[in-house]
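In: sequence and predicted structure are below.
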Amino acid sequence: MLVQAQTEISCTEARSYALSVGTNNELYNGGEMYVVQGYVTSIQYAWNSTYKNVTFWMADTQNGGKVIEAYKCVAETQADAPNVGALVRVTGQLTKYGTTPEFAQGCTCEIIDNGEPPINLGPKTIAEFISLANTKDTCILTGVVTNIASTQYGNFYIEDNTGTAYVYGLSNFTSYGIEEGDTVTVAGVYTLYKSTHEVVGARYISHKKPTEAWVPVPKTISEFIALNDGKRYILRGVVSLITDQTYGHFTLTDETADIIVWGIDKDEDGNAFAFNASDISEGDTLSITGIYQLYNSKNEVTSAHYISHVHPASSGQAGSLRICAQNLENYYYNYTQSSRPSYSDAEGFRTKTVKIVNAMLTIDADIYAFCEVEAKPIVLQQLADSMNAYAGEAGRYAAVSDGIDYTWYDGISDNQIKSGFIYRTDKVATVGSNTAAVGGNGYYSRTMRIQTFRQLASNEKLIVSMNHFKAKDSSSDQGESQRQTNANNLVSAVDNLTADPDILILGDLNCEYGEVPITTIINAGFEEQLLKYNSAAWSHCYDGGELIDHVLANPSMAAQIVNAHVEHICAYKCNSAVSYAQSWSDHDPYVIDIILGNSAPTALEMVQIEPQARKEIRHGQLIIIRSGVEYTPVSG
């Protein structure tokens, strides 16, 4: 007797009915609809932003394995796609494809309980990946491609010295040029399918050809000394005891040991590097690659290549919260679909990513705010993955989820970029959701973003707004009217923030101090911090250097900032110490050091609380309301 349409059945029953059909894609019971409630046990194909669907396996219990597949289940947004472990109700028609029992394409899903979101566990050997058998959280794997089963679907085997895994479904596989024998690094989730250990929901990170040179990986100085294997590694530490300013002889120290660096002669791309033309000084944090040697019983780094360096905060106070911000100049993951990036192949993307990662790890911030990055979730996710891989610590960095995922079909190049955040998970946590400073779903809703963070050590909070205003153009006012609108919208947005009184405005505002949009923000009670600490500060290489990237703080926030400065390590056209090969953007990164709870504004300002004066009261402003006066805040 056939089960009646719309009858709710178990995952096990659904599997039995689907496998009972005679041929592939034949619909069970004439195409009637069935409802199944169960748990998501693995994600087969991650949410597809173009086709608005997701494919996953489900079972009657959380650890029930692969019982019935929901194939290309409708999910209009990424929030509609369930996590592994979610309790869901799937409605659709039953069929099979080969030996796979499934709900046919077009099925729908109701999320009853989405469970805990997945996390990134960082780099793992294949043996560790298999041993963990974690079907929810992401791991990063590196291995040699031993067999490509399908170039169409991106199915292939990888192997390291601990085991073998099958990567099932790497999107855009053919665009990467991956071949058998290449060493590939991917991020993905574990699943077991018919005794095969699989990587599903795979994301590409990098790959290299077997003829390519050894790729340096980070090591502590003590690890570097102990290895003594003739290979090149990445080292990071503090510079001290410079004994030769011409060639760069000095001591490098990290938390494990110190070592003598016997000269830096090249940068990471093999170009000549002049130590005496750089501004490397004692006390700077420096990243290099090099090879170990023992000379006259002393541990040394030889054949050192420069990566990046940063100066210490002038305050030097312990316990600072550090924020780094930068315009990454068209940083795209899907570089083949846009003319904006300066690179057009996987190697160009890898090169830019490595430069960003090394610089950001050297700066060692707790919060990173970026603009001019591709408006897709994966771009900052993979950057955080890469930072974790190079830091050698699983889950240290995470991208803030913002729900932004534009479509390629809008035909407007500018709509392809956004602003976003990466944060250090052991230092800060996000509070609330990531929001836009303007309403709607237009361009500036993606480039003007606001996020509240909480410092774990102090439990203090602050609000960070990262922005990208209208660029100057060939119109009669060079786009200033739009920048003024940007400034007005931003001031209105921060006026209505209630999560915390400490507000920090960052970003490429495309105008200098004294121009009307900046003056609008200043008049709203904010103070420019880069100019406060250096009146000659510049961030963008145009006409000898201009300050169009800004750090603006309201009074309560400004009182807790102990340093703000630009790191001149990128904008090569205005800095002879930086070559084009070392650069990844035409904007330099800038750094803000904060001690939350350090102090509060000392000036106490008395204001008259009247409806017409309401908009003159700013976050961070101290006010007194006299006893006996009743005041009800007006919304909006």
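Out: Thanks, I have it. These numbers were taken from a predicted model, which means no experiment stands behind them.
In: how distant is the longest helix seen in the chain from the center of its chain?
Out: Using DSSP state H, we find that the single longest helix of the chain is helix 346-363. Relative to its chain's centre, helix 346-363 lies at 12 Å (CA atoms, centre = their mean, to the nearest Å).
In: use 12 as the first number from now on
Out: All right, first residue 12 from here; so that's helix 357-374.
In: and the next helix or strand past it?
Out: Sequence-wise, the next helix or strand downstream of helix 357-374 (DSSP states H and E) is strand 378-385.
In: show me where the stretch 262-411 of the chain has its strands.
Out: 269-273, 275-278, 296-306, 309-321, 332-342, 378-385, 408-410 (DSSP state E, counting those that start in this stretch).
In: which one of those strands lies nearest to Leu515?
Out: strand 332-342 (7.3 Å; CB to CB). In short, each C-beta sits where N, CA and C put it, glycine included.
In: can you give the strand pairings for the closest one, parallel or anti for each?
Out: Paired strands of strand 332-342, with direction, are strand 378-385 (parallel), strand 601-605 (antiparallel) (DSSP bridges).
In: output these as a markdown table; include the columns distance to Trp273, mean neighbour count and mean pLDDT.
Out: Shown next, in a markdown table, are those (distance: least, CB to CB, whole Å; neighbours: other CB atoms under 10 Å; pLDDT from 0 to 100):
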| stretch | distance to Trp273 | mean neighbour count | mean pLDDT |
| --- | --- | --- | --- |
| strand 378-385 | 33 | 26 | 96 |
| strand 601-605 | 30 | 26 | 94 |
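In: any chance of those in TSV, plus distance to Tyr39?
Out: Formatted as TSV, the strands paired with strand 332-342 follow (distance: least, CB to CB, whole Å):
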stretch	distance to Tyr39
strand 378-385	42
strand 601-605	61
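In: what's the closest of those strands to Thr313?
Out: Between Thr313 and the strands paired with strand 332-342, the tightest spacing by CB to CB is seen for strand 601-605, at 31.2 Å.
In: centre of the chain to the closest one, how far?
Out: On CA atoms, centre = their mean, the centre of strand 601-605 falls 19 Å from the chain's centre.
In: what does that strand rub up against?
Out: For strand 601-605, the surrounding residues in contact (CB atoms under 8 Å, 6 or more residues apart in numbering) are 321, 324, 326, 328, 331-337, 374, 376, 473, 515, 517, 540-541, 550, 560, 562, 568, 571-578.
In: pLDDT wise, what is the residue sitting nearest the centre point of the chain at?
Out: Centroid check for the chain by CA atoms, centre = their mean gives Leu391 as the closest residue, at 2.8 Å. What the model reports as pLDDT for Leu391 is 94.
In: and it, how far is that from Gly450?
Out: Going from Leu391 to Gly450 by CB to CB, to the nearest Å gives 23 Å.
In: return the distance of His320 relative to Ile580.
Out: With CB to CB as the criterion, His320 and Ile580 are 7 Å apart.
In: if you count what's nearby, which of these two comes out ahead?
Out: Higher neighbour count among His320 and Ile580: Ile580, with 25 against 21, using other CB atoms under 10 Å.
In: does the residue nearest to the centre of the chain touch Ser430 like I think?
Out: No: contact criterion CB atoms under 8 Å: Leu391 and Ser430 do not qualify, at 10.1 Å.
In: common neighbours of the two, please.
Out: Common contact partners of Leu391 and Ser430 (CB under 8 Å, 6+ apart): 381, 384.
In: for Lys366, which non-adjacent residue is closest in space?
Out: Trp595 (4.2 Å; CB to CB, 6 or more residues apart in numbering).
In: the one you found contacts Asn369, doesn't it?
Out: No: counting by CB under 8 Å, Trp595 does not reach Asn369; the two are 9.8 Å apart.
In: who's in contact with Ala504?
Out: Per CB under 8 Å, 6+ apart, neighbours of Ala504: 448-449, 459, 461, 476.
In: do you know how far it is from Val449?
Out: Computed as CB to CB, the Ala504 to Val449 distance reads 7 Å.
In: give the rounded mean pLDDT of stretch 154-170.
Out: 90.
In: try stretch 180-191
Out: Stretch 180-191 shows a mean pLDDT of 88.
In: for stretch 54-69, same thing?
Out: The predicted model gives stretch 54-69 an average pLDDT of 88.
In: measure that stretch end to end?
Out: 9 Å (CA to CA, to the nearest Å).
In: what's that stretch in contact with?
Out: Stretch 54-69 is contacted from outside by 22, 47, 49-53, 76-89, 92-93, 95, 99, 101, 116, 179-180, 200, 202, 211-212, 214, 387-388, 416, 418-419, using CB under 8 Å, 6+ apart.
In: which of these fall within helices?
Out: Those of these lying in helices (DSSP H): 22, 388.
In: returning to what we had before: so who does the residue nearest to Lys366 touch?
Out: Counting by CB under 8 Å, 6+ apart, Trp595 touches 339-340, 363, 366-367, 370, 581.
In: was I right about Thr185 contacting Tyr164?
Out: No: here Thr185 lies out of contact with Tyr164, judged by CB under 8 Å, at a distance of 10.4 Å.
In: the two: which is more packed in?
Out: Using other CB under 10 Å, the more surrounded residue of Thr185 and Tyr164 is Tyr164, with 13 against 10.
In: that one in helix, strand or coil?
Out: State at Tyr164, reduced to three classes by DSSP: H, G, I helix; E, B strand; the rest coil: coil.
In: nearest residue to it in space, please, no chain neighbours.
Out: Gly180 (5.8 Å).
In: that neighbour: what's it in contact with?
Out: With CB under 8 Å, 6+ apart, Gly180 has these contacts: 55-56, 164-166, 211-213.
In: among those residues, which ones are buried?
Out: Buried members of the contacts of Gly180, counted by 16 or more other CB atoms under 10 Å: 55-56, 165-166, 211-213.
In: for those residues, give me CSV that also has distance to Asn125.
Out: Shown next, in CSV, are the buried ones among the contacts of Gly180 (distance: CB to CB, whole Å):
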residue, distance to Asn125
Gln55, 18
Tyr56, 18
Gly165, 27
Asn166, 28
Val211, 19
Gly212, 16
Ala213, 22
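In: Asp148: which of the residues you listed is nearest?
Out: If you rank those by distance to Asp148 using CB to CB, Gly212 comes first, at 10.8 Å.
In: these two touch, right, that closest one and Val200?
Out: Yes: between Gly212 and Val200 there is a contact under CB under 8 Å: 4.9 Å.
In: residues that sit against both of these two, list them.
Out: With contacts defined as CB under 8 Å, 6+ apart, the residues adjacent to both Gly212 and Val200 are 54, 149.
In: which intervals of this protein have sub-threshold pLDDT?
Out: Scanning the chain for pLDDT under 70 picks out the ranges 12-16, 128, 222-226, 280, 324-330, 418-426, 554-555, 583-592, 610-647.
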